[in-house]
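In: when you get a sec, could you give me coordinates for this:
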Amino acid sequence: MDDSSAALVVDARGVVTGWSEGARRLTGFSADEAVGRPVRDLLAEEPGGGAVPGRPPLPVGVVTVRHPDGRTVTLRLTVCPLAGPGDEDAGYVITVADVGERETSLAGRVFEQSSLPLSVCDTEQRFVLLNAAACEAMGGSEESLLGRTFLDVTGLSDGTRAIDRHMRLVAETGRPMRDETYSQAAADPDQQAWDVEMWPLRDTAGRVVGTALAGLDSTEQHHARRRLALLDDATTALGTTLDVVRTAEELVALLVPSFADFAAVDLLDWVLDAEAPPLRGDLDIVMRRVAHASAGPDAPVTVVPLGRTDVYPPYSPPAQALHGGAAVLARTGEPDFDRWMAERGAQSLRRTARRAATPPPGIHTELAVPLRARGTTLGVAVAVRNVRPGAFTEDDAVLAEEIAGRAAVCVDNARRFARERATALTLQNSLLPKVRPGQAAVEIAHRYLPTASAAGIGGDWFDVIPLSGTRVALVVGDVVGHGIPSTATMGRLCTAVRTLADVDLPPEELLTHLDDLVTHLAADDRDDVPELGATCLYAVYDPVSRRLAVAAAGHPAPALLMPDGTCRLVPLNAGPPLGVGGMPFEATELELPEGSVVAFYTDGLVGGRDRDVDHATRELCRALTVPAESLDAVCDVVLKHVLPEEPGDDVALLLARTRALGAGQVATRDVAADPEEVAAVRQWALDRLAVWGLDDVSFVTELVVSELVTNAIRYGEPPIRLRLIRDRTLICEVTDASSTSPHLRRAHAFDEGGRGLLLVAQLTQRWGSRQADGGKTIWAEQALPRR
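Out: Numbering: from 1, shown residues only. Reported below is the predicted structural model:
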């Protein structure tokens, strides 16, 4: 044994077998006097503890030794086992230090009096020195801790294993390290946190003989960091969607389990449906449960099912929070809280006999926070604790108010969006056309899909407008922007198109007038029309000539599916969007075989931020060629193959399959500009009606033909032509080269004329005139008798 060290060796029985010179100098006993004696025989008094559990009764810690000269010496003993065969200890090495010397030194006083837990371990992580703060932190006396390993004292956890691993690295490498550990399980949010500093201890030769540890209680900082992290998580976790219920679910997911053992969100009914009623402090409050979450089987469970309402009396924490407009912190022992908990338990027992549905005992604190945004109270968030021992604090209440404030803004945003969306949808549905079946010119199928994005309802629309002469106008358009202003603008344009279509303007002229209208509206200094840019496509199909005239204002070209199965885009010279002004519009005319399908659509179908429009239109053409049972089924096929997974805009789709009126349904006769020709024309019309089996309407038709032809001969210019069209109605058309349009007037009593058009208007369903290149056409339509 090294004579410079103060140490002794004892066997498994506790008998001294080795004695160093340092031990002799401290105790006064020579090796001959000490070896062979039990180590306890050398003590002046029996120590008050210090026996190592599971080992022979050896003195450990601070002991008193009687010096041969009669004085007493206070020594500190540290026991280190010597490995023997198997798992048994063959003996022990006891190191000896003079306590008195250490305590009289300045460094010793600093060590003992430090408020920081300080300890020293040997290279095997066994404690050899601890101050009072370290003993208090580890929950034991110095005598009970000395000689035990770090893990034996602190227990096994992820944090303590990391500290032990780092202590070994300090002993091996001689480099200091720093780590953080917790006095309880890492999953416990109320755990005590420690910052641990570790550095090597070296002897005079520079060898590492142990590891020193200093601990700093960082629990408050740890909890503050957790609160800041929770607040930071709230920034990204809340309001990911504009959905009220989803936002409430995000709030409870944020609170459980990191903040509470159970959390719930209850909203006032008006938030989900009606207008806001006033809150009165003397009345019970009825709220609807929209979200809740529980931390585990030992945590409380709900007594209010999702979607159900519950009544909160004025003394309950949620009602107090709503009336006071601030967080309410309630604890066990408060009369109102105890009363509320008792009522909740009885309510649970009344609703179900299942044990799992009753609130577990031990709820010791509840935190109710009002959800308020923009001066409006929306509901309340409730958090309770029963599993974790720590009650909510005032700091927790401040944190909960901050999180609830952010959640309330998100809930209010979602509520406003839902209300505006519902209003816009109602307005839009009222403005969209009610396409009537039974068009003579085309078979119609359509789809309209409003967007579900946060941008709101757009201004897409379509229309099918019957025109004179069995023709039909097909319209599709898109207003820039979203929300109620865009929907209102769509209604204006839709009404304007119908008005201009009634004048029977050609497509390019109609778009010119519509462009002027948008320009004038955009020039108005009104806040309700911030953006009036729009696109529009207007087409007219004539089933007699089988010709389609199309003009576009910044709108995608329609797709054309021919009866032979080929599909292509209609070649258009699309003009600028409406509202640009100063640019002409051009129409494209096509002659279509009967049974052709024309697909009109808005850019929501083929457009998108990351979509290739050309690729999407090719997909549209391919989808139109897929065999389907009906035109309505073709709409579904197109949406399935072309519509993006998450459309960012409204989608309008209008399909029109062309029909044609055969030669047997149309009769035409040129009329000479001679009044004597009128009688022959009347007879020709009667003969044609006889062939069609329409003798029942011959009287009215004869009168209409006579009046219209007479007016054309008298006031018009040749050439003059009469055309009869038999479809669902009987149409009589007279065309001449004059551009002067007729109008109704009231004839005086002694006037010889002026009553012709008035008679025509009275005897037919409707009548009118339309301009064309080189003249005009006067037409009258009368109902046919039911067969």
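
In: helices or strands up against the strand or helix carrying residue 757?
Out: Under the criterion DSSP states H and E, the helix or strand holding residue 757 is helix 756-763. Contacts defined by 3 or more CB pairs under 8 Å, 6 or more residues apart in numbering; DSSP states H and E place helix 756-763 against helix 698-715, strand 766-772. Any C-beta I mention is one placed from the backbone N, CA and C, and that applies to glycine too.

In: quick one: work out the angle between it and helix 698-715.
Out: 150 degrees (axes from the mean of the first three to the mean of the last three CA atoms, to 10 degrees).

In: okay, angle between helix 756-763 and strand 766-772 too, please.
Out: Going by the same axes, to 10 degrees, helix 756-763 makes 130 degrees with strand 766-772.

In: please report phi then psi for the closest residue to residue 167 other than its chain neighbours.
Out: Distance criterion CB to CB, 6 or more residues apart in numbering; nearest residue to residue 167, sequence neighbours excluded, is residue 211 at 5.0 Å. Main-chain dihedrals, residue 211, degrees, to the nearest 10: phi -130, psi 130.

In: out of the helices and strands in this structure, which is least certain?
Out: helix 99-104 (a mean of 53; mean pLDDT, DSSP states H and E).

In: export the helices and strands packed on helix 756-763 to JSON lines and tack on distance to residue 270 and mean pLDDT?
Out: JSON lines is the format used below for those (distance: least, CB to CB, whole Å; pLDDT from 0 to 100):
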{"stretch": "helix 698-715", "distance to residue 270": "60", "mean pLDDT": "88"}
{"stretch": "strand 766-772", "distance to residue 270": "49", "mean pLDDT": "84"}
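
In: following whatever helix or strand residue 478 lives in, which helix or strand shows up next?
Out: Element membership for residue 478, per DSSP H and E: strand 472-482. Next helix or strand after strand 472-482 toward the C-terminus (DSSP H and E): helix 484-502.

In: centroid residue for the chain?
Out: residue 241 (2.1 Å; CA atoms, centre = their mean).

In: how about it, what does it touch?
Out: Neighbouring residues of residue 241 by CB atoms under 8 Å, 6 or more residues apart in numbering: 247, 414.

In: surely it is in a strand?
Out: No: using DSSP: H, G, I helix; E, B strand; the rest coil, the assignment for residue 241 is coil, not a strand.

In: so it versus residue 335, what's the distance?
Out: Distance of residue 241 to residue 335, given as CB to CB, to the nearest Å: 42 Å.

In: okay, now residue 110: neighbour count?
Out: Here the count is done by other CB atoms under 10 Å, and residue 110 has 11 residues near it.

In: could you look up the SS state of residue 552?
Out: Following three-state DSSP, we place residue 552 in the strand state.

In: isn't residue 718 up against residue 670?
Out: No: counting by CB atoms under 8 Å, residue 718 stays clear of residue 670, with 9.3 Å between them.

In: quick one: name whatever helix or strand follows the helix or strand where residue 411 lies.
Out: Per DSSP H and E: residue 411 is located in helix 394-431. Sequence-wise, the next helix or strand downstream of helix 394-431 (DSSP H and E) is strand 442-449.

In: heading C-terminal from that following strand, find the next helix or strand.
Out: Downstream of strand 442-449 (by DSSP H and E), the next one is strand 458-466.
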